[in-house]
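Peer 1: just a sequence and a predicted model for now, questions to come.
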Amino acid sequence: MSISVRTVRRMIPAIFAAFVFVVVLAPAADAHVELVTSEPVDGATVEEAPDTIRLTFSVAADPAGDGIVLYNALGDTVPATVDQPTPEVIVVAPTSGLGDGVYSLTWTMKAGDAHPRSGAVSFSIAAPVTATGGGSTPGGAP
């Protein structure tokens with residue numbers, strides 16, 4: 001079985017289109033959202049409440065599903081604004097100051113492939129413990 005030159009010429013546009021699809025378009029469908037960094041870092045204990053929590057993702061992404069939600073240790077939602085200064089960065093600002101305790105920020109994001117990915121970052125706020133007088137008075141008397 002032989003293929004004529006004319007048949008090959010007819011197949012060239014289809015072969016070229018398939019090549020373009022595989023090389024150019026297929027990698028975009030593989031772009032999954034991954035959290036690269038967070039500030040505060042996941043699991044960190046900070047002494048001062050942060051004014052903002054910053055999430056940086058591996059690719060341009062948009063909130064999906066529940067989006068970005070900040071919770072306290074009791075599981076209650078903490079009111080916050082969500083801003084996206086660049087396609088890869090989300091900045092969450094609590095509307096009032098955070099007190100000592102454990103907080104969790106959940107995220108659901110989607111990239112160009114529209115497959116949502118979810119994750120969470122948790123951190124604790126603990127004011128430093130200061131030493132108090134140990135029961136002695138000036139002059140060494142207890």
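Peer 2: The structure has been received and is ready for your questions. Please read these numbers as outputs of a predicted model, since none were measured by experiment.

Peer 1: helices of this protein, start to end?
Peer 2: Secondary structure of the chain by DSSP state H: the helices cover 5-20, 26-29.

Peer 1: how far away is E34 from P116?
Peer 2: Distance from E34 to P116, counting by Cβ to Cβ, to the nearest Å: 13 Å. From N, CA and C alone the C-beta is placed, and that goes for glycine too.

Peer 1: who touches T52 in this structure?
Peer 2: E39, V91, V92, A93 (Cβ atoms under 8 Å, 6 or more residues apart in numbering).

Peer 1: please tell me how far the last one sits from D83.
Peer 2: Looking back up the chat, that one is A93. Counting by Cβ to Cβ - A93 and D83 are separated by 7 Å.

Peer 1: next: the first one.
Peer 2: Using Cβ to Cβ, we find E39 at a distance of 14 Å from D83.

Peer 1: in terms of neighbours, single out the busier of those two.
Peer 2: Between E39 and D83, counting by other Cβ atoms under 10 Å, E39 is the more crowded of the two (15 against 12).

Peer 1: so who does the more buried one touch?
Peer 2: The contact partners of E39, taken as Cβ under 8 Å, 6+ apart, are P50, T52, I53, R54.
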